[in-house]
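> Next comes the sequence, and after it the predicted model I'd like to discuss.
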Amino acid sequence: MTTSNLEVSEVRLLTFIVSEEEENIRLDKFLAQRINRISRTGLQKLIETENVKVSGEIVTKSSFPVQIDQEVELEIPNIPDETQLIPQEIPLDILYEDESVIVLNKQANLVVHPAAGNFDNTLVNGLLYYSNQFEKMKINVRPGIVHRLDKHTTGAMIVAKTPHAHMRLCEQFANREVSKEYFAICFGHFEEKSGLIETNIAHHPTKRHRMAVTKEGKESRTEYYVLKEYPLFTTLRLLLHTGRTHQIRVHLSHINHPILGDTTYGGRKSKFGGIDGVKSHFVNRLLKIMPNQALHSRQLGFHHPISNQWMEFIAPFPETIQNAVSILEKSSENPIFQEDWWE
């Protein structure tokens, strides 16, 4: 058995034949043994997004057992390898920095690291421009990245500046020792003023860019507390007990309270839940000032990777959320929704 040493950026299609000694092992493990430039997690994502064929048929389950003499084809998106990452001047709102970590307030419309469809102008490109410390960590396309926020989610994020800090912080996230608190504006009102949303989450069976509540997905838990109710909307404080992709957005949409502005999970419908007339006009006004989902990583707590001191940071709200809350506060004083009150 040989391992491919091709650069990821040079490859469009790789083909392997399953040997006798590889029979019945998982598909993701088989590919990980053959390719040393893509992590197993990365390979699993390629499998889930229909980039792998076995004997000519697309397979989307990483646990699929390969059989002797089967042909496995892997199509790799043209994602740059670490040597192609370029520094780019991107504004960084830094809340705290020392020799080991940076805590920043991520802006909306910023992808965290390069991936298919977003090869540059990411947070990683900005970090490389900001400090040559990250150049020393270019062992993959995610130097310093410990966790992610969605492209249009704003707020507190931590980045590691050294390999040791990266390892220690990753351990904390894996062991669920990090405190993550979010703020959201969502549609509707809640019968219970606090609660725990517990479901399994996996990729949507037909819409691969989305996640969904499923029976066979990974366990996920989101705790919520109602902060304030407004006409048509509620603001929430949310605590993450797991860190699944799109978790808060999926959970709130699942219980019929999508986040304001969330295009993917139903939060940009001005007539959501039977809203019409002047109320629909009011929602449209909110959507115009909220181009992305109203979800903000408000507070982040962790043990410093060197001193082990517990540290907490609060990320100020972006102007879009401040403006939306201001309009909601005004709406509380005008429950009749007069035609011109927001002018």
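Now that the structure is in, tell me what you want to look at.
> partners of the lengthiest strand in the chain in the sheet?
As assigned by DSSP state E, the longest strand anywhere in the chain is strand 218-230. Strand 218-230 pairs in its sheet with strand 194-203 (antiparallel), strand 233-240 (antiparallel), by DSSP bridges.
> Single out the most deeply packed of those.
strand 233-240 (a mean of 20; mean count of other CB atoms under 10 Å). Heads up, the C-betas are built off the backbone N, CA and C, glycines and all.
> Just the C-alphas of that strand, formatted as CSV.
Below are the C-alpha coordinates for strand 233-240, written out as CSV (Å, rounded to 0.1, in the frame of the first residue of the first chain):
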residue,chain,number,x,y,z
PHE,A,233,-39.8,38.8,18.1
THR,A,234,-37.8,37.6,21.2
THR,A,235,-34.2,38.2,22.2
LEU,A,236,-32.4,35.2,23.7
ARG,A,237,-29.3,34.3,25.7
LEU,A,238,-28.0,30.9,24.5
LEU,A,239,-25.4,28.5,25.9
LEU,A,240,-23.8,25.9,23.8
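> what's the model's confidence in that strand, averaged?
The average pLDDT within strand 233-240 is 97.
> where exactly do the helices run in the stretch 151-300 of the chain?
Ranges of helices in the stretch 151-300 of the chain, per DSSP state H, counting those that start in this stretch, are 163-174, 247-254, 277-289.
> Show me the one of those that comes nearest residue 96.
Distance to residue 96, taken as CB to CB, is lowest for helix 163-174 among the helices of the stretch 151-300 of the chain, at 13.2 Å.
> Report all helices and strands that the closest one contacts.
Of the remaining helices and strands, those touching helix 163-174 by 3 or more CB pairs under 8 Å, 6 or more residues apart in numbering; DSSP states H and E are strand 154-160, strand 295-303.
> let's see 10 Å
Packing partners of helix 163-174 (3 or more CB pairs under 10 Å, 6 or more residues apart in numbering; DSSP states H and E): strand 101-106, strand 154-160, strand 295-303.
> related to what we said a few turns ago, so which of the helices of the stretch 151-300 of the chain has the densest surroundings on average?
Of the helices of the stretch 151-300 of the chain, helix 247-254 is the most buried (mean count of other CB under 10 Å), at a mean of 24.
> re earlier: a markdown table for the strands paired with strand 218-230, including distance to residue 292?
Shown next, in a markdown table, are the strands paired with strand 218-230 (distance: least, CB to CB, whole Å):
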| stretch | distance to residue 292 |
| --- | --- |
| strand 194-203 | 21 |
| strand 233-240 | 16 |
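> nearest to residue 179, of these?
The nearest among these, by CB to CB, is strand 233-240 at 7.9 Å.
> what separates that closest one from the chain centre, distance-wise?
Remark: strand 233-240 is offset 17 Å from the chain centroid, using CA atoms, centre = their mean, to the nearest Å.
> for stretch 27-39, same thing?
24 Å.
> swap in stretch 57-73?
On CA atoms, centre = their mean, the centre of stretch 57-73 falls 28 Å from that of its chain.
> One more: stretch 320-335?
Worked out by CA atoms, centre = their mean, stretch 320-335 lies 27 Å from the chain centre.
> Residue ranges in the stretch 1-150 of the chain under the pLDDT threshold?
The stretch 1-150 of the chain contains residues with pLDDT under 70 at 1-12, 36-37, 77-83, 116-118, 138-141.
> thinking again about what came up before, and among the helices and strands packed on helix 163-174, the most buried is which?
Of the helices and strands packed on helix 163-174, strand 154-160 is the most buried (mean count of other CB under 10 Å), at a mean of 25.
> which helices and strands does that strand pack with?
Going by 3+ CB pairs under 10 Å, 6+ apart, strand 154-160 lies up against strand 94-97, strand 101-106, helix 123-130, helix 163-174, strand 179-187, strand 295-303, strand 310-314, helix 319-332.
> Could I get the ones you listed in JSON lines, plus columns for distance to residue 32?
Output for the helices and strands packed on strand 154-160, formatted as JSON lines (distance: least, CB to CB, whole Å):
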{"stretch": "strand 94-97", "distance to residue 32": "35"}
{"stretch": "strand 101-106", "distance to residue 32": "30"}
{"stretch": "helix 123-130", "distance to residue 32": "23"}
{"stretch": "helix 163-174", "distance to residue 32": "19"}
{"stretch": "strand 179-187", "distance to residue 32": "29"}
{"stretch": "strand 295-303", "distance to residue 32": "29"}
{"stretch": "strand 310-314", "distance to residue 32": "35"}
{"stretch": "helix 319-332", "distance to residue 32": "41"}
